[in-house]
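Asks: Give me a model of this one.
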Amino acid sequence: MNTPARRPDAVQNRTRIVEAARAALAESDHVHLKEIAKRAGVGQGTLYRNFPNREALLAEVYRRDVEELVTAASALLAEHEPMEALSHWLDRVIDYAEIKYGVLAVLEPAAWQDLVAHSQNPIEGALSHLLDAGKAAGSIRTDVDARGVLLLIAYLGRLGRGEWEPSARPLMNVILEGLRRRDADL
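Replies: Take a look at the predicted model:
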């Protein structure tokens, strides 16, 4: 049985709800559905028709961010040299991580562990794509892999919300510079 197509206004409402939730998470870990509905310009009934509970909404925010992060790798490589594409992608990772930690802070452990498990391989694949392009172009060290880079990036998760803004990008730049190939591979 086919699922009926959603009306365009229903799709727009759902998108606005997810965007409002994402914006709220960027500001605080305390996300209230009533406030999200107000920000999205929809009633609470519309919010609950799309997302039966807060966990479902936050999981959708997380999934969309992962999808956007993964698809960005190829698009960035089409527009930029590999090292510049990687730099832009890592900037997106910082934005993604800020939202990710907000989502994970409010979800039950079983729910967030499932989300993280399903996002790990696609993100690692996107990063591998960027690293491989840089290695082929001679701009990225050949002795690094996506898993190792993700482990380094994961340590940014130790930053508190107040430390995030002043510290995350400078630390990510240290990681990026460490990936840059010098005269010869180390």
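Asks: mind listing what the most centrally placed residue in the chain touches?
Replies: Per C-alpha atoms, centre = their mean, the C-alpha nearest to the average position across the chain is that of Tyr96, at 2.9 Å. Neighbouring residues of Tyr96 by C-beta atoms under 8 Å, 6 or more residues apart in numbering: 65-66, 68-69. The way it works is simple: take the backbone N, C-alpha and C, and place the C-beta from them, glycine included.
Asks: Which ones among these lie within helices?
Replies: Here DSSP state H is the test, and the contacts of Tyr96 give 65-66, 68-69 as lying in helices.
Asks: would you turn those residues into a markdown table with distance to Leu115?
Replies: Supplementary listing: the ones in helices among the contacts of Tyr96 in a markdown table, determined by distance: C-beta to C-beta, whole Å:
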| residue | distance to Leu115 |
| --- | --- |
| Asp65 | 10 |
| Val66 | 8 |
| Glu68 | 15 |
| Leu69 | 13 |
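Asks: what's the farthest-apart pair in those?
Replies: With C-beta to C-beta as the measure, no two of the ones in helices among the contacts of Tyr96 lie farther apart than Val66 and Glu68, at 7.4 Å.
Asks: Based on its surroundings, how many neighbours for Gln120?
Replies: 13 (other C-beta atoms under 10 Å).
Asks: residues near His32, how many?
Replies: Other residues near His32 come to 11 when the count uses other C-beta under 10 Å.
Asks: For it, which residues are in contact?
Replies: Applying C-beta under 8 Å, 6+ apart, the residues near His32 are Ala24.
Asks: Report how many residues lie close to Glu77.
Replies: Heads up, residue 77 is Leu, not Glu. By other C-beta under 10 Å, 20 other residues sit near Leu77.
Asks: Quick check: the gap between the closest residue to it other than its chain neighbours and Val11.
Replies: Spatially, and ignoring its direct neighbours in sequence, Leu77 is nearest to Ala85 (4.7 Å; C-beta to C-beta, 6 or more residues apart in numbering). As judged by C-beta to C-beta, to the nearest Å, Ala85 and Val11 stand 30 Å apart.
Asks: Ok, Asp91 next?
Replies: Look at Asp91 and Val11: by C-beta to C-beta, they are 28 Å apart.
Asks: if we can go back for a sec, okay, Ala85 and Val11: which has more neighbours?
Replies: Ala85 (22 against 12).
Asks: Return the helix or strand in this structure with minimum mean pLDDT.
Replies: Taking mean pLDDT, DSSP states H and E as the measure, the chain has helix 82-106 as its least confident helix or strand, at a mean of 85.
Asks: re earlier: any chance of a markdown table for the contacts of Tyr96, columns neighbour count and pLDDT?
Replies: Formatted as a markdown table, the contacts of Tyr96 follow (neighbours: other C-beta atoms under 10 Å; pLDDT from 0 to 100):
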| residue | neighbour count | pLDDT |
| --- | --- | --- |
| Asp65 | 22 | 90 |
| Val66 | 20 | 90 |
| Glu68 | 13 | 93 |
| Leu69 | 21 | 93 |
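Asks: Since that was my last question, I'll sign off now.
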